[in-house]
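In: Provided below are the primary sequence and the corresponding predicted coordinates.
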Amino acid sequence: MNNILITGGTGLLGSEIVRQLLAQGKRVAILSSQIKPKVASGARVFHGSLVSGEGLADALKDTTAVIHCASNPRGFQDTDITGTKNLLEAIDPKQATHLVYISIAGVGKTAYPYYAAKERVEEIIQESGVPYTILRTTQFYQFVYNLINVALVDGYNDVVIPEGMRFQPVDLSEVAAKLISVASDAPAQLLPEFAGPEIMTYENMFARYLEVFNITRNWKTGPIENPRFDLFRSGVNIFPANAHGKITWQDFLQKKKARLI
Ligand SMILES: NC(=O)c1ccc[n+]([C@@H]2O[C@H](COP(=O)([O-])OP(=O)(O)OC[C@H]3O[C@@H](n4cnc5c(N)ncnc54)[C@H](OP(=O)(O)O)[C@@H]3O)[C@@H](O)[C@H]2O)c1
């Protein structure tokens, strides 16, 4: 693997991929729409945008693989759909660049708009003729951690959390390692889903969080209506046969508490 471009290399997952690649001594390029993004030293940053196509040609120069992580759940029509089309058009077919795309486990099983957009992006990649690998993963621990933080701020002394949600989250360091590994292999099209080691209710995850951080609060569950909560009540994000991750929620919380991540 020579030069690897990470779209979304400033994001949660992308920055971990960048960190791991640099630790392996790889040459890393990042496309970012920010003027002065904070990135690990050693990574080359190309200013631009998937939506306008600016900066793509330079960022793709001498690239053997692209790990495509850029996304915007609130603007997926532009960033995810138009942006992926622009990325594919900018890839020189003579270079045989391997495109690795991070998708979500459960895509294809629900009409939830962001998931439908990710499914459309998968189709665009599959129809493009560019050699590709798609990895669908479950939610990252950080996603549930952020949900809990919002719930604790919103309902300070009387927290009501949505009932009935289940997760099988995965640590994004394991997702990053998997994406790097598949990027150096031959294009493999659609891979089996990659899920975390445990299936947990949101209530259990919430209770464990309070325990690890020694937080005492009055809290209960309630039938809070929200399409996103319904998505995680539906079970489309649960993959018992694909529990490939090893890092548990408890491991993640302990690392957070020790400020190691
Ligand atoms: N979070 C989860 O639980 C989860 C689970 C499974 C799969 N995934 C997938 O993993 C991927 C990464 O998720 P994440 O949570 O790490 O995302 P994130 O932290 O929100 O990062 C999004 C990235 O997209 C980039 N971006 C946005 N608009 C752009 C544009 N116009 N041009 C170029 N780059 C642009 C941003 O870069 P700049 O701001 O530097 O431009 C940023 O680095 C997404 O595809 C997501 O669907 C996430």
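Out: Now that the structure is in, tell me what you want to look at.

In: ok, Ser32 - contacts?
Out: Contact partners of Ser32, counting by CB atoms under 8 Å, 6 or more residues apart in numbering, are Gly9, Thr10, Val39, Val45, Phe46, His47, Gly48. From N, CA and C alone the C-beta is placed, and that goes for glycine too.

In: near the ligand, which residues of the stretch 1-150 of the chain?
Out: Contact residues (CB under 6 Å from any ligand atom) of the stretch 1-150 of the chain with the ligand: 7-8, 10-14, 31-34, 37, 49-51, 69-72, 79, 83, 102, 104, 137, 139-140, 143.

In: now the residues you listed: which count as buried?
Out: When those are checked for burial by 16 or more other CB atoms under 10 Å, the buried set is 7-8, 10-11, 13-14, 31-33, 49-51, 69-72, 79, 83, 102, 104, 137, 139-140.

In: Inside strands: which ones of these?
Out: Thr7, Leu31, Ser32, Ile102, Ile104, Thr137 (DSSP state E).

In: In this structure Ala195 contacts Lys178, no?
Out: No: Ala195 lies out of contact with Lys178 (CB atoms under 8 Å); the separation is 11.4 Å.

In: of those two, who's got more company?
Out: Using other CB atoms under 10 Å, the more surrounded residue of Ala195 and Lys178 is Ala195, with 25 against 19.

In: The more buried one bridge partners, please.
Out: Ala243 (DSSP bridges).

In: sorry, back to before: switch the ones in strands among the buried ones among the residues of the stretch 1-150 of the chain next to the ligand over to TSV; also include pLDDT and distance to Ala90.
Out: Listed next are those as TSV, based on pLDDT from 0 to 100; distance: CB to CB, whole Å:
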residue	pLDDT	distance to Ala90
Thr7	98	11
Leu31	97	10
Ser32	98	16
Ile102	99	19
Ile104	98	24
Thr137	98	26
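
In: Just the closest of those residues to Ala241, please.
Out: Ala241 lies nearest to Thr137 out of those, by CB to CB, at 14.5 Å.

In: what sits against the closest one?
Out: With contacts taken as CB under 8 Å, 6+ apart, Thr137 has the following neighbours: Ile102, Ser103, Ile104, Ala105, Val170, Val175, Lys178, Glu193, Phe194, Ala195.

In: repeat that with 10 Å
Out: Contact partners of Thr137, counting by CB atoms under 10 Å, 6 or more residues apart in numbering, are 13, 102-105, 168-170, 172, 174-175, 178-179, 191, 193-196, 239, 242, 244-245.

In: List the beta-bridge partners for it.
Out: Counting by DSSP bridges, Thr137 is bridged to Ile104, Phe194.

In: ok, Ser15 to Gly53 distance?
Out: Separation of Ser15 from Gly53 (CB to CB, to the nearest Å): 23 Å.
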